[in-house]
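S.K.: Fold the following for me, if possible:
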Amino acid sequence: NADYNISNIPYTVTSPTGVTVNPSNITLTTPVNPGQISGLQSLLFSGASVGDTVHLSVKYTSSDGCCWCYGTITVIIPDCYTFCDSISVSAVGNPKNCSYDISLANNSSMIFSSVQFELISGGVFSNFTTSTSGWGFTNVWPNNSITLVKLPVNSGIGQGTFNNILNLSVSQYSNPVQTVVVRWMKNGVVMCTDTLRFPCIPTAPPENDCSQLIDQTLTCRPDGSFMLRFRVQNNSNIISTGYGINPVTPGVSFSKTLVNNVTILPGQVSPFDSLIVTGIAPNTNLCFMTAIFTTVTPGDTVYNFCCHSDTLCITTPDCGLSGIEDSEIPTEYKLSQNYPNPFNPSTVIGYSIAAAGHVKLAVYDILGSEVAVLVDETKSAGRYSVKFDASGLNSGLYIYRITTGTFMEARKLILLK
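M.R.: Below is the predicted model of the structure:
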């Protein structure tokens, strides 16, 4: 309403004492000309109580600082109570084995789709079960998260008090106080958050995990990946209806992580199974965890019991020549795409040669300068894989090229740090 443009607005709290405003000074990106209206401005008050009347002195200053006028803004602090104040979560249990029963209370009118528990203080949920019928969870992995639902799944979690509906145990931790973030979800959106904290006394790990891998073999594949063949043993007293195996080593992927509809009695083992392992080089530690679980309904993806093992590690074999029998010797030359790609800091490159000869496999930057030689020797016909460690290189696009006899092929790889 002034006869000059306004670009700077300082705010000063005149009453009550002890109240502050943030920001206390606003510079408008675009000055407001006479007769125009600025965009919406937001102010944060601290130190005020519900019902307080806060008086602000406002100075409207021109762009060149030559002109100004004063105004007053009066704000009554509202009651900021929301429906999130009507929900709660609690834990009761035993610090010696870090096992707790979880209860929920929803005194609001909101119907939630699920409640998610995420362990953020280190360690893992070694086992968890819905100890009350009518409840389940929808995930086995990751092992630091539980998504709790009320059955049937589409019924939601409405008003009520739900005591001891989830029992969970934490292992592989060093922090004496465990912290769990609790998210009340509705259709995939976080509506409210809470935090659980409970004490745990570190103890020696159990001699036997609830599940373990046995009779496992790890073999090389022509494309640089590995085949893991295994069986899962049930060391618990629960009849499991399925099992899981999940990589822990960064960058590693398994072709599957869950197997359903496989009954394993206590003390018994599953039939042989296999999966493909990618994202890891030969002679490298491959670490993973196993799990056994039961489902509420056979074949369903809602669970009522899950138990994770401690981390297990095996070493990937030295692949070298993968073909021994004549029928396995490749009939053509080939340079495979590296995996993973993009990568940091290492990746695996596979290649095949159809006849013995000198092989050179090198990496070049985008200017054509050679930055690494991975292979430079005579090789027999066969399939090979080699690890490329780019720890000493900068992020960017590189070219890797194989030359053997009259055959030459090049591919691109991307290093992201």
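
S.K.: any idea where the helices of the stretch 201-350 of the chain begin and end?
M.R.: Counting by DSSP state H, counting those that start in this stretch, the stretch 201-350 of the chain forms no helices at all.

S.K.: give me the low-pLDDT residue ranges for it?
M.R.: Within the stretch 201-350 of the chain, the set of residues satisfying pLDDT under 70 comprises 203-208, 320-328.

S.K.: how far away is the residue nearest to Val149 when sequence neighbours are not counted from Phe305?
M.R.: Closest residue to Val149 apart from its sequence neighbours, by Cβ to Cβ, 6 or more residues apart in numbering: Ser114 at 4.9 Å. In this view, the C-beta of every residue, glycine as well, is placed from N, C-alpha and C. Using Cβ to Cβ, to the nearest Å, we find Ser114 at a distance of 18 Å from Phe305.

S.K.: do Thr290 as well
M.R.: For Thr290, the distance to Phe305 - Cβ to Cβ - is 15 Å.

S.K.: One more: Ser391?
M.R.: Counting by Cβ to Cβ, the gap from Ser391 to Phe305 is 43 Å.

S.K.: do Phe45 as well
M.R.: 49 Å.

S.K.: Those two: which is more packed in?
M.R.: The residue with more neighbours, out of Phe45 and Phe305, is Phe305; 22 against 15, by other Cβ atoms under 10 Å.

S.K.: Report the contact partners of the more buried one.
M.R.: Applying Cβ atoms under 8 Å, 6 or more residues apart in numbering to Phe305 gives the contacts 127-130, 238, 240, 293-294.

S.K.: got it, and Ala354?
M.R.: 329-333, 381.

S.K.: Report the two of the residues you listed separated the most.
M.R.: Ile329 and Tyr333 (12.0 Å; Cβ to Cβ).

S.K.: Please report the distance of Thr295 from Ser240.
M.R.: Relative to Ser240, Thr295 is positioned 10 Å away (Cβ to Cβ).

S.K.: the more surrounded of those two?
M.R.: Using other Cβ under 10 Å as the criterion, Thr295 and Ser240 rank with Ser240 on top: 25 against 18.

S.K.: Phe305 versus the closest residue to the more buried one other than its chain neighbours, what's the distance?
M.R.: In space, and not counting its chain neighbours, Ser240 is closest to Ile292: 3.9 Å by Cβ to Cβ, 6+ apart. For Ile292, the distance to Phe305 equals 8 Å [Cβ to Cβ].

S.K.: Domains of this protein: list them as residue ranges, please.
M.R.: Following automatic domain parsing, one gets these domains for the chain: 6-76, 83-199, 211-315, 326-415.
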